[in-house]
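Chemist: let me see the structure of the following:
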Amino acid sequence: MIRDLQTHRLFLDTVTRFVRECLIPAEEEVAQTDAIPQRIVDQMRSMGLFGLTVPEEFGGLGVTTEEEVLLTFELTQASPAFRSIVGTNNGIGAQGILIAGTAEQKAKYLPRLASGELIGAFALTEPGAGSDAASLTTSAQRNADHYLVNGTKRYITNAPEAGVFTLMARTGGPGAAGVSAFIVESGIPGITVGKPDRKMGQRGAHTADVIFEDCRVPLEDLLGEEGRGFAIAMKVLDKGRLVIAAACVGAATRMLADTLRYTLERKQFGQPIGEFELVQALIADSQAELYAGRCMVLDAARRRDEGQDISLHASCCKLYASEMCGRVADRCVQAHGGAGYISDYAIERFYRDVRLFRIFEGTTQIQQIIIGRGLARQKCVIAL
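Modeler: Here you go, the predicted model:
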């Protein structure tokens, strides 16, 4: 447990060293092989990174939301693929079980997720249901002692490695009220995982289709009540969006640090380019936006720890931080000049990697809709 300040700082320092000494030196290996080395996965397991947010009673570290985002700020200063492999276990892969699982379900799955024995995945998106998640068509027909599941899920993070899926499927009529949630182990008959997707960036972080064909899911693997799946998914995504925002802050921190160092070393016209005012403007704008994003994420995390509803705050964080990260990436490439377009420099890879942040866990446009509709319902701005 990381509750007292001194223990948290020690663990944070350990993660910072791990990023600097182990993860960053392995980035090129991951980019070339499209896989995270097993030695690093084993180190992550031994450090407890797979179980950061899982309660202590189930073998996790039980960190607070604020502690989690502070750790994410550090962890995501390396390639986003490293966070991805542990992130689902701490976020969308385990949160549904924490929120709605029975005592038996928690005892069965959470210790194995916390240890990294199981990799979790969140199966919501479909070929015809992305942003409009309430229109999903994967069906779960109830029979005597099981649900018969049929359908296809798309772009499922960690699907090739997953041992268990939090699955959203339709048990009732149209719309959100007809969606239920299930815990589905990957090894049961009727599940096929497609080939890993070929993506623009984030090599080493795998996504793939997951196809369910007459897959028999035991009745006891229903998560929560029938018809509550969409509500569970939205609660899971609230926290997921906040952590993605923290990942954006971490990635922007790394990109800006690399760029500052480059501009102080690179010389043109007889002096470091970092001494030219227009280059300094690129750095300054990035630092100001990065500071704002960090403050937003920490504020929302503290509110969640206090038990507040942070649905709108999380969307604000995801909207701002992901767009901020994209702007920082663009400025950093510009400050590198021609070198920023060459794969010898990390900024070229990060520029591609961070583009996804504006899409998954709800696009920028979906966050705008959530915020706008939320404020219209409340008839006031969110509290400061």
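Chemist: can you map out the strands along the stretch 101-250 of the chain?
Modeler: Here the stretch 101-250 of the chain has its strands, by DSSP state E, counting those that start in this stretch, at 120-123, 139-142, 146-157, 164-170, 179-185, 191-193, 207-218, 222-223.
Chemist: redo the ones you listed as CSV? Include distance to Gln32 and mean pLDDT.
Modeler: C-betas here are computed from N, CA, C, even on glycine. CSV is the format used below for the strands of the stretch 101-250 of the chain (distance: least, CB to CB, whole Å; pLDDT from 0 to 100):
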stretch, distance to Gln32, mean pLDDT
strand 120-123, 25, 94
strand 139-142, 40, 96
strand 146-157, 21, 97
strand 164-170, 29, 96
strand 179-185, 32, 96
strand 191-193, 23, 97
strand 207-218, 19, 97
strand 222-223, 38, 96
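Chemist: of all these, which lies closest to Thr53?
Modeler: Checking the strands of the stretch 101-250 of the chain against Thr53 by CB to CB gives strand 120-123 as the closest, at 11.6 Å.
Chemist: in that closest one, what's buried?
Modeler: Within strand 120-123, the residues that count as buried by 16 or more other CB atoms under 10 Å are Gly120, Ala121, Phe122, Ala123.
Chemist: got it, and stretch 224-236?
Modeler: For stretch 224-236, a neighbour-count test (16+ other CB under 10 Å) marks Gly224, Glu226, Gly227, Arg228, Gly229, Phe230, Ala231, Ile232, Ala233, Lys235, Val236 as buried.
Chemist: surely the fifth one touches Lys235?
Modeler: No. In this structure, Gly229 sits apart from Lys235 without contact. The criterion is CB atoms under 8 Å, and the distance is 10.9 Å.
Chemist: nearest to Ser46 among the buried residues of stretch 224-236?
Modeler: Using CB to CB, the buried residues of stretch 224-236 come closest to Ser46 at Val236, 27.0 Å.
Chemist: got the contact list for that closest one?
Modeler: Gly91, Ile92, Gln95, Gly96, Ile99, Phe122, Thr166 (CB atoms under 8 Å, 6 or more residues apart in numbering).
Chemist: which ones among these lie within helices?
Modeler: Among the contacts of Val236, the residues falling in helices (DSSP state H) are Gln95, Gly96, Ile99.
Chemist: so how far is Gly326 from the residue lying closest to Ala329 once chain neighbours are set aside?
Modeler: Spatial nearest neighbour of Ala329, excluding adjacent residues (CB to CB, 6 or more residues apart in numbering): Tyr351 at 4.7 Å. Taking CB to CB, to the nearest Å as the measure, Tyr351 and Gly326 are separated by 9 Å.
Chemist: so for those two, which sits in the more crowded spot?
Modeler: Tyr351 (22 against 18; other CB atoms under 10 Å).
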